[in-house]
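1. This is the structure alone, sequence omitted:
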């Protein structure tokens, strides 16, 4: 099972979170935003949803056979958890960034994992599609929440505020490979 998960993660190179935000519709193979894509009924703005909730939405979307929304949720979750881990810059946060997708993916059946991997490949497989995903996530903006899920102790992140947008650009470049 671990090998399957590793293959899913490595084979998909960039898998991120969410399922709630902007549901995608297809228009000649291109993604179009404007519809809310929540599989769970939540209407919170993308930047206010923490990665664990994005992964929960991914699972909900997969259970509804909405694998494009599941894949987007995965992409949001991964981008935001990468950002959070870099902002906190702790061993615990970096490990959690890697553990969250594994914990979520094991909740999917093998068939759901395969369909999710395929949807991720569709979304991130071509440069045009990937850049559109990058624009969608960039437009949602950097996270607007306190990453409590990554903190063992309660701390304030006010000292990190100056780096916020630069770190988010880094997440887009380094996690999603946006240009």
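-> It's in. In this text, all values refer to a predicted model and were calculated from it rather than measured experimentally.
2. Could you use CA atoms for every contact and neighbour count after this?
-> Fine.
3. For residue 169, which residues are in contact?
-> Neighbour list for residue 169: empty [criterion: C-alpha atoms under 8 Å, 6 or more residues apart in numbering].
4. And the helices in this structure?
-> 2-11, 51-63, 67-88, 91-105, 110-124, 127-140, 164-174 (DSSP state H).
5. Most tightly packed of those helices?
-> Mean neighbours per residue, mean count of other C-alpha atoms under 10 Å, is largest over the helices of the chain for helix 67-88, with a mean of 28.
6. can I assume residue 164 is in contact with residue 142?
-> Yes: in this structure, residue 164 is within contact of residue 142 by C-alpha atoms under 8 Å, at 7.2 Å.
7. Any chance of the helices of the chain in a markdown table with mean pLDDT and distance to residue 150 as columns?
-> Formatted as a markdown table, these follow (pLDDT from 0 to 100; distance: least, C-alpha to C-alpha, whole Å):
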| stretch | mean pLDDT | distance to residue 150 |
| --- | --- | --- |
| helix 2-11 | 40 | 21 |
| helix 51-63 | 95 | 10 |
| helix 67-88 | 93 | 8 |
| helix 91-105 | 94 | 5 |
| helix 110-124 | 95 | 25 |
| helix 127-140 | 91 | 21 |
| helix 164-174 | 87 | 16 |
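8. Just send those back as JSON lines, with distance to residue 151 too.
-> JSON lines is the format used below for these (distance: least, C-alpha to C-alpha, whole Å):
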{"stretch": "helix 2-11", "distance to residue 151": "24"}
{"stretch": "helix 51-63", "distance to residue 151": "13"}
{"stretch": "helix 67-88", "distance to residue 151": "8"}
{"stretch": "helix 91-105", "distance to residue 151": "7"}
{"stretch": "helix 110-124", "distance to residue 151": "29"}
{"stretch": "helix 127-140", "distance to residue 151": "24"}
{"stretch": "helix 164-174", "distance to residue 151": "17"}
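9. closest one to residue 39 among those?
-> Closest approach to residue 39 among those (C-alpha to C-alpha): helix 51-63, 5.2 Å.
10. elements contacting the closest one?
-> Packing partners of helix 51-63 (3 or more C-alpha pairs under 8 Å, 6 or more residues apart in numbering; DSSP states H and E): helix 67-88, helix 91-105.
11. In TSV, list the ones you listed along with distance to residue 175.
-> Formatted as TSV, those follow (distance: least, C-alpha to C-alpha, whole Å):
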stretch	distance to residue 175
helix 67-88	6
helix 91-105	11
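12. out of these, nearest to residue 56?
-> Of all the helices and strands packed on helix 51-63, helix 91-105 sits nearest to residue 56, with 7.4 Å by C-alpha to C-alpha.
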